[in-house]
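Undergrad: build the 3D model from these lines:
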Amino acid sequence: MSQNVYQFIDLQRVDPPKKPLKIRKIEFVEIYEPFSESQSKAQADRCISCGNPYCEWKCPVHNYIPNWLKLANEGRIIEAAELSHQTNSLPEVCGRVCPQDRLCEGSCTLNDEFGAVTIGNIERYINDKAIEMGWKPNVLGIVSTGKRVAVIGAGPAGLACADVLTRNGVQAVVFDRHPEIGGLLTFGIPSFKLEKDVMVKRREIFSEMGIEFRLNTEVGKDIMMSDLLGEFDAVFLGVGTYQSMRGGLENEDAPGVVDALPFLIANTKQLMGFENPDSAPYISMEGKRVVVLGGGDTAMDCVRTSIRQGASHVICAYRRDEANMPGSKREVKNSREEGVEFMFNLQPVSIEVDAAGKVCGVRMVRTAMGEPDAHGRRRAEIIAGSEHVLAVDTVVMAFGFRPHSMGWLADFSVELDSQGRIIAPEDTETAFQTSNPKIFAGGDAVRGSDLVVTAIAEGRKAADGIMNYLEV
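TA: The predicted structure follows:
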């Protein structure tokens, strides 16, 4: 690191450049150019190595951030990647999709006055470069325990669990209904945020470590849970949340109303050349006037996908103001740049349909921000007499997700809470163990829809719980 302790003043924060806007709006490719070696070194040198690094504490996996920033600054990329992998099973993914402004970078000591260290983009650079250089986990010293664990779901929680188990000599076999690993990383998050070859490379790494993948295999359909419990020493459920939440609006099922996640999944499968026989059909927004209802990152994915599909006009309507929007500020900014119109303080009342029963608009009311609710978010209060119709021909519902029905869980005494989430306590010696002692669970299926990095953290901790249960 530089001997100049005021390096963070002399060198300002710099984010990587974005691809030209005219290209971004028509291509499903990552919009950020990668850092060069010199840019990565210079930006890493801005870290002041705090005695109490808040960036580490705010990170759900508690990455050793100042340590690998120092290694990056010194050009010791393989060592930096190795250290990164000590706490994170998918660091190259987190460098791309984490909302760093709310996590590590948001808590950086330099953030308010000088601009945070560009932690996320350096994390991406370190791990992309290391993989390009041939980095692989060292598994030569691992001694097999003779134990085998079935991991259901190849999303971030399942992959993280399998990673930790494998590094500790436990054979992990991962089952997933999709044709590729990643879950929503592959099929839900659009390629302009996370290109799919990232997960292809990660699958190669995991497979070479000894993780076995059985894809296109749905538990309860292609293989029974009873068979898994008979064959394996434990089972981990990392099945995510796929059931779209609805708004209870009149005409929600009319032609022209689309749920966010099936729309995104079908678009990605179309781009990847996968058939989609059991899922929602591919929907093109070309030439359409689209409104996306919701204000989270999934809503941003939908508006930006619609832009790239050639929609004539794309609107994001959200019932609170911009300051209280849950979506990443970075994603909101990118959406605006690409031509999305934001309408804040609008709450849908009903879906309007024409004489043929097709969508022709959304009846809205205006809102004002009221007092905070029990969770600290300011309430959206309806303004009397503000009702009006927003003319559109396609409505995308992006109100969030809840756990999808898995009726077979009850057959194996796995308890759910009132919202359908799997009950699996974290703060026990056998962390994330369900009411069936042989079954563990983590990620969105336990806590509800949340961040990728949170699912990774829970998958890793669940692996520790499983190993304690297996006494290995």
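Undergrad: could you pull up phi and psi at the residue lying farthest from the centre of the chain?
TA: For the chain, the residue at maximal distance from the C-alpha centroid (CA atoms, centre = their mean) is residue 355, at 39.9 Å. For residue 355, the backbone dihedrals (degrees, to the nearest 10) come out as phi -60, psi -20.
Undergrad: with residue 344 instead?
TA: Note on residue 344: its backbone torsions stand at phi -90, psi 160 [degrees, to the nearest 10].
Undergrad: find the nearest non-adjacent residue to it, please.
TA: Of all residues not flanking residue 344 in the chain, residue 321 sits nearest, at 5.0 Å (CB to CB, 6 or more residues apart in numbering). (Glycine included, C-beta is placed from N, CA and C.)
Undergrad: distance of residue 267 relative to residue 305?
TA: To residue 305, residue 267 is 6 Å away according to CB to CB, to the nearest Å.
Undergrad: residue ranges with poor pLDDT in this protein?
TA: The chain contains residues with pLDDT under 70 at 1-5, 276-279.
Undergrad: what residues sit buried inside the longest strand anywhere in it?
TA: If you go by DSSP state E, the chain has its longest strand at strand 359-372. Across strand 359-372, burial judged by 16 or more other CB atoms under 10 Å covers 359, 360, 361, 362, 363, 364, 365, 366, 367, 369.
Undergrad: of these, closest to residue 465?
TA: residue 369 (41.8 Å; CB to CB).
Undergrad: list the helices and strands the lengthiest helix in the chain packs on?
TA: When the chain is parsed with DSSP state H, its longest helix is helix 452-470. Contacts defined by 3 or more CB pairs under 8 Å, 6 or more residues apart in numbering; DSSP states H and E place helix 452-470 against helix 91-97, helix 156-167, strand 234-237, strand 439-441, helix 444-447.
Undergrad: give me the angle between it and helix 156-167.
TA: 40 degrees (axes from the mean of the first three to the mean of the last three CA atoms, to 10 degrees).
Undergrad: what residues sit buried inside helix 452-470?
TA: 452-467, 469-470.
Undergrad: restricting to C-alpha, output it in CSV.
TA: The C-alpha coordinates for helix 452-470 follow below in CSV (Å, rounded to 0.1, in the frame of the first residue of the first chain):
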residue,chain,number,x,y,z
VAL,A,452,-27.6,-13.2,-2.8
VAL,A,453,-24.8,-12.7,-0.3
THR,A,454,-27.2,-13.4,2.6
ALA,A,455,-28.1,-16.7,1.1
ILE,A,456,-24.4,-17.5,0.6
ALA,A,457,-23.8,-16.7,4.3
GLU,A,458,-26.6,-19.0,5.4
GLY,A,459,-25.6,-21.9,3.1
ARG,A,460,-22.1,-21.8,4.6
LYS,A,461,-23.3,-21.6,8.1
ALA,A,462,-25.8,-24.5,7.5
ALA,A,463,-22.8,-26.6,6.3
ASP,A,464,-21.2,-26.1,9.6
GLY,A,465,-24.4,-27.1,11.3
ILE,A,466,-24.6,-30.2,9.2
MET,A,467,-21.0,-31.2,10.0
ASN,A,468,-21.8,-30.7,13.7
TYR,A,469,-24.8,-33.0,13.3
LEU,A,470,-22.7,-35.6,11.5
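Undergrad: can you give me how far it is from the chain middle?
TA: Its chain's C-alpha centre and that of helix 452-470 lie 17 Å apart, by CA atoms, centre = their mean, to the nearest Å.
Undergrad: then stretch 93-103?
TA: Its chain's average C-alpha position is 9 Å from that of stretch 93-103, according to CA atoms, centre = their mean.
Undergrad: can you give me the end-to-end span of that stretch?
TA: Stretch 93-103 has an end-to-end distance of 15 Å (CA to CA, to the nearest Å).
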